[in-house]
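sequence unknown, structure follows:
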């Protein structure tokens, strides 16, 4: 009897270490029946699906959305990289699977800056410079199909190995469309004069997934809802440009640290959904709860025995408002009819997250972000498979 109990304990411990013992919730979306219209589109043999993933620093770094993107594109096909921005030229971090370069210097402005001069562009971050000639080169890790880009300047750029078309001026910026020749993986846009550049979106006409990930360090949902001197909030432009079939919103970490109340967050969520529904598409929504981040409580000085150097032992405590906002997000999704992925709750049951944090206990290391993306992608796939096995068969 005792040997049987010992064996059971060993099996449970092994499952915790490997991450197999996570429960069904770790790969399940709450209220996912609202995603049935999306599952219908995914089952089509001729549909290209547009996904828009909006967030904060957890999304900007790229590891989290990139892992989710790969999970879905491996199953449903690659229809383009989606939103691509020259983060490095703007002096900040971004994904590593594509690059932008330029021989000129640019200044980066973000929508979270206190005195941002104007509309920040699709990604909430723009590059600016004097009204002079400049070139900027985009290099992809795969062949380029079509690259839509947004800018402010009097003239369209010159390019090689493809053609540029006027995409219209119904935005607070000009829209250009570069169509590449076969086999092209890099394009240089040479502007005779330019003073703002807002990034681009790489897409193909193939069936599959185009995954547009937009994140800004320090962003709250209220930043995306602001108008920035335009008639509409930024969310309206995102809906019009990306025409998403699915919108994933991964925010509330900065709201938790900033003391935003549950009611304030719900109001911002309602505004975001309203604005994102004003585009030509008919998106469904997944809200993700924030991770159970930690904040520094205090640093206690101490001196190791035999040492003359003072060291500090830092202690961390959970951010209490994160749990409050987690509950608010889940309540909002239940009341308003949206799907929810409870990252906050799933982290508690997955031992792998014990080695997923970065040094500040707010962000994650690359492993931790990839783990989140894989879990989110698998949760969507599991919902789709369950729909296929039950609803569609009937």
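On my side now, so go ahead. Every value quoted in this text rests on a predicted model; they were computed, and no experiment measured them.

now the stretch 101-250 of the chain, which segments are flagged as low pLDDT?
Confidence mapping of the stretch 101-250 of the chain against pLDDT under 70 gives the ranges 117.

which residues of it fall in strands?
Along the stretch 101-250 of the chain, the segments classed as strands by DSSP state E, counting those that start in this stretch run 107-110, 125-140, 146-152, 162-166, 174-180, 186-203, 208-215, 246-250.

any idea how far residue 146 is from the closest residue in space to residue 80 that isn't next to it in sequence?
The shortest distance from residue 80 to any non-neighbouring residue, by CB to CB, 6 or more residues apart in numbering, is to residue 203 (3.6 Å). In short, each C-beta sits where N, CA and C put it, glycine included. Between residue 203 and residue 146 the distance, using CB to CB, to the nearest Å, works out to 6 Å.

when these two are compared, which one has more neighbours?
The neighbour count for residue 203 versus residue 146, taken as other CB atoms under 10 Å, is higher for residue 203 (21 against 17).

what's near enough to touch the more buried one?
Counting by CB atoms under 8 Å, 6 or more residues apart in numbering, residue 203 makes contact with 48, 79, 80, 82, 145, 146, 148, 210.

with distance to residue 358 added, can I get the strands of the stretch 101-250 of the chain in TSV?
As requested, the strands of the stretch 101-250 of the chain are arranged in TSV below (distance: least, CB to CB, whole Å):
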stretch	distance to residue 358
strand 107-110	21
strand 125-140	22
strand 146-152	32
strand 162-166	40
strand 174-180	37
strand 186-203	26
strand 208-215	16
strand 246-250	17
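
between the ones you listed, which one is nearest to residue 66?
Of all the strands of the stretch 101-250 of the chain, strand 208-215 sits nearest to residue 66, with 7.4 Å by CB to CB.

how many neighbours does residue 75 have?
Using other CB under 10 Å, residue 75 is surrounded by 15 other residues.

OK, contacts around it?
Each residue near residue 75 by CB under 8 Å, 6+ apart is listed here: residue 381.

hey, where'd the helices end up in the chain?
Assigned by DSSP state H, the helices in the chain fall at 2-18, 36-42, 57-60, 63-76, 221-225, 234-242, 253-258, 262-276, 320-336, 343-348, 366-387.

hang on, the earlier thing: of all the strands of the stretch 101-250 of the chain, which one is nearest residue 324?
Sorting the strands of the stretch 101-250 of the chain by CB to CB, the top spot, which is the nearest, belongs to strand 246-250 at 17.5 Å.

packing partners for that closest one?
With contacts defined as 3 or more CB pairs under 8 Å, 6 or more residues apart in numbering; DSSP states H and E, the packing partners of strand 246-250 are strand 48-55, helix 262-276, strand 284-288.

show me the domain layout of the protein.
19-79+208-394, 81-204 (automatic domain parsing).

verify the stated contact: residue 286 with residue 244.
No - in this structure, residue 286 sits apart from residue 244 without contact. The criterion is CB atoms under 8 Å, and the distance is 11.1 Å.

which one of the two has more residues nearby?
The neighbour comparison of residue 286 against residue 244 (other CB under 10 Å) goes to residue 286, with 27 against 24.

alright, calling it a day.
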